[in-house]
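>>> Predicted structure and sequence below. I'll ask about it afterward.
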Amino acid sequence: MTRESEVLELAREAGFDLAGIAPLRPPQDAARFAQWLEAGHHAGLGYLERNRERILDPRTLLPGGRSLLVVGLAHSRAAVELPGGGRVARYAAGRDYHNVIGKRLRKLARRLAEAGLVAPGSRSRAVVDAGPLLERSHAAEAGIGFLSKAANLLHPRFGPWFFLGELVLEVELVPTGSPPAGSCGTCTACLQACPTGAILEPGLVDARRCISFHTIESRGPVPTELREKIGPWAFGCDVCSEVCPWGRASEDRAATFGTHRAQEAGLVQWLETRDAEQWARWLEGSPLKRPGRAGLARNAAIALGNLPSEEGRRSLLRALTFDPSEVVREAAAWALAHGHGRDAGTRAALERAAARETGDGLRREIADGLDRRG
């Protein structure tokens, strides 16, 4: 076996479904990434701006780094719906993938050293999603998959349902070559199905309109014009993957990450768990922690407004009165006006909230909501 074959075999033995080798050099999509940033399509995500130069030249990640080992781990499972309604991106239903993949990458790095495939004492750096790396571009160059019109990475067997991870290695390895056969062809299903029109053109996604950005990364209010379009999505969005012909994964991998207990709760519990310590214990080990307590409650409020019920109305009224976060109270006000704005009791509660609130944004949201449903 060649050194490269041994490295890839050890990656599979470490539990990864896919593995490939890319040269450690600026990504093929470097120019497109720079243009994307300049156009503001990153929605002001500061870590992308701060790490721009490192993303554009990954050789800065590890002085002495020579090659990039890219791995993929499948996570396909059935669509995730919360009890009583509300949807969650499939990847977020189980354990946090950062922890799972990170452990496997560290194990793989040890095995490479034990097998003598890297020089004694050489270093490596593991990267899982959050690191400054344009990983889909590097993964495509390593032959892990091909880039879709929704800017996802697709694989003929796993569709878009797999995570990526990388090891920067201080050893020169021959790249694995072309991506597996497949393309989007003339299909535009993802562009047509995106609820908010975030896919501006093939391969170009504007995060400012993306449901996943607003329900995961954003900490502020969701733009009013997008809230109804968010529909039932309380965390992330899978629409572009679900409508993709390549998205019909052939096997269920739910057992790999399990199902976190947070999926057993409904939107009302998401909205009404206000104690910080209780919230942290409840979501320990879950990707759902990413937007923070207020962000997740904000998401629940918007979803409840799009899925009106009497239980949801009562929960939203309590949030409007008692939630310590203005962002959550604003989302609750929108949801009450949107889903229950013609109910006399609800309108009276909104008017009382407008009288006691001091924030201009929240008072304006209440007034606008009452006007829309008047």
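Cool, got the structure. Residues are numbered from 1 along each chain as shown.
>>> So which bits of the lowest-mean-pLDDT helix or strand in the chain are buried?
Lowest mean confidence among the helices and strands of the chain (mean pLDDT, DSSP states H and E): helix 360-372, at a mean of 88. The neighbour-count check on helix 360-372 (16 or more other CB atoms under 10 Å) flags 362-363, 365-366, 369-370 as buried. C-beta coordinates here come from the backbone N, C-alpha and C atoms, glycine included.
>>> Check which residues of stretch 304-315 are buried.
Residues 304-308, 312-313, 315 are the ones in stretch 304-315 that count as buried (16+ other CB under 10 Å).
>>> swap in stretch 54-63?
Applying 16+ other CB under 10 Å to stretch 54-63 flags 55-56, 58, 61-62 as buried.
>>> And for stretch 8-15?
Result for stretch 8-15 [16+ other CB under 10 Å]: buried residues 8, 10-11, 14.
>>> do stretch 75-90 as well
75-77, 80, 82, 85-90.
>>> Looking at those, which are in strands?
80, 87-88 (DSSP state E).
>>> Reformat the residues you listed as CSV; add distance to residue 217.
Supplementary listing: these in CSV, determined by distance: CB to CB, whole Å:
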residue, distance to residue 217
80, 19
87, 18
88, 16
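>>> pLDDT-wise, what's the bottom of the residues you listed?
The lowest pLDDT within these belongs to residue 80, with 93.
>>> Can you name every helix or strand that the longest helix that the chain contains contacts?
Looking across the chain with DSSP state H, the single longest helix is helix 97-114. Applying 3 or more CB pairs under 8 Å, 6 or more residues apart in numbering; DSSP states H and E, one finds that helix 97-114 contacts helix 3-13, strand 67-74, strand 124-127, strand 162-169, helix 254-257.
>>> Please write out the alpha-carbon positions of that helix in PDB.
The C-alpha coordinates for helix 97-114 follow below in PDB (Å, rounded to 0.1, in the frame of the first residue of the first chain):
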ATOM      1  CA  TYR A  97     -21.000  16.800  16.000                       C
ATOM      2  CA  HIS A  98     -18.100  19.000  17.000                       C
ATOM      3  CA  ASN A  99     -17.400  16.700  19.900                       C
ATOM      4  CA  VAL A 100     -17.900  13.400  18.100                       C
ATOM      5  CA  ILE A 101     -15.800  14.400  15.100                       C
ATOM      6  CA  GLY A 102     -13.100  16.100  17.200                       C
ATOM      7  CA  LYS A 103     -12.600  12.900  19.200                       C
ATOM      8  CA  ARG A 104     -12.300  10.800  16.100                       C
ATOM      9  CA  LEU A 105      -9.800  13.200  14.500                       C
ATOM     10  CA  ARG A 106      -7.600  13.200  17.600                       C
ATOM     11  CA  LYS A 107      -7.800   9.400  17.600                       C
ATOM     12  CA  LEU A 108      -6.800   9.300  13.900                       C
ATOM     13  CA  ALA A 109      -3.900  11.700  14.500                       C
ATOM     14  CA  ARG A 110      -2.500   9.300  17.200                       C
ATOM     15  CA  ARG A 111      -3.000   6.300  14.900                       C
ATOM     16  CA  LEU A 112      -1.100   8.000  12.100                       C
ATOM     17  CA  ALA A 113       1.800   8.600  14.400                       C
ATOM     18  CA  GLU A 114       1.800   5.100  15.800                       C
END
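>>> what is the mean pLDDT for that helix?
Rounded mean pLDDT across helix 97-114 is 96.
>>> sorry, back to before: in helices only, show me the buried residues of stretch 54-63.
Among those, the members that lie in helices (by DSSP H) are 55-56.
>>> Compile the buried residues of stretch 54-63 into JSON lines and extend it with columns for pLDDT.
JSON lines is the format used below for these (pLDDT from 0 to 100):
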{"residue": "55", "pLDDT": "95"}
{"residue": "56", "pLDDT": "95"}
{"residue": "58", "pLDDT": "94"}
{"residue": "61", "pLDDT": "93"}
{"residue": "62", "pLDDT": "94"}
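>>> circling back to that earlier point, dump the buried residues of stretch 304-315 into a markdown table; add pLDDT, secondary structure and distance to residue 279 as well.
What follows is the buried residues of stretch 304-315, written out as a markdown table (pLDDT from 0 to 100; DSSP: H, G, I helix; E, B strand; the rest coil; distance: CB to CB, whole Å):
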| residue | pLDDT | secondary structure | distance to residue 279 |
| --- | --- | --- | --- |
| 304 | 98 | helix | 18 |
| 305 | 98 | helix | 21 |
| 306 | 98 | helix | 23 |
| 307 | 98 | coil | 22 |
| 308 | 97 | coil | 25 |
| 312 | 98 | helix | 20 |
| 313 | 98 | helix | 23 |
| 315 | 98 | helix | 16 |
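>>> can you tell me which of the residues you listed lies nearest to residue 138?
Nearest to residue 138 among these is residue 306, at 37.4 Å by CB to CB.
>>> What sits closest to that closest one if chain neighbours are left out?
By the measure of CB to CB, 6 or more residues apart in numbering, the closest residue to residue 306 outside its immediate chain neighbours is residue 231, 5.3 Å from it.
>>> do residue 42 as well
In space, residue 42 is closest to residue 48, 5.0 Å off (CB to CB, 6+ apart).
>>> what does residue 101 give?
Nearest non-adjacent residue to residue 101 (CB to CB, 6+ apart): residue 165, at 4.3 Å.
>>> for the one you found, which residues make a bridge with it?
residue 71 (DSSP bridges).
>>> List just the nearest of the buried residues of stretch 75-90 to residue 116.
Using CB to CB, the buried residues of stretch 75-90 come closest to residue 116 at residue 75, 32.2 Å.
>>> Quick check: that closest one touching residue 257?
Yes: using CB atoms under 8 Å, residue 75 makes contact with residue 257 at a distance of 6.0 Å.
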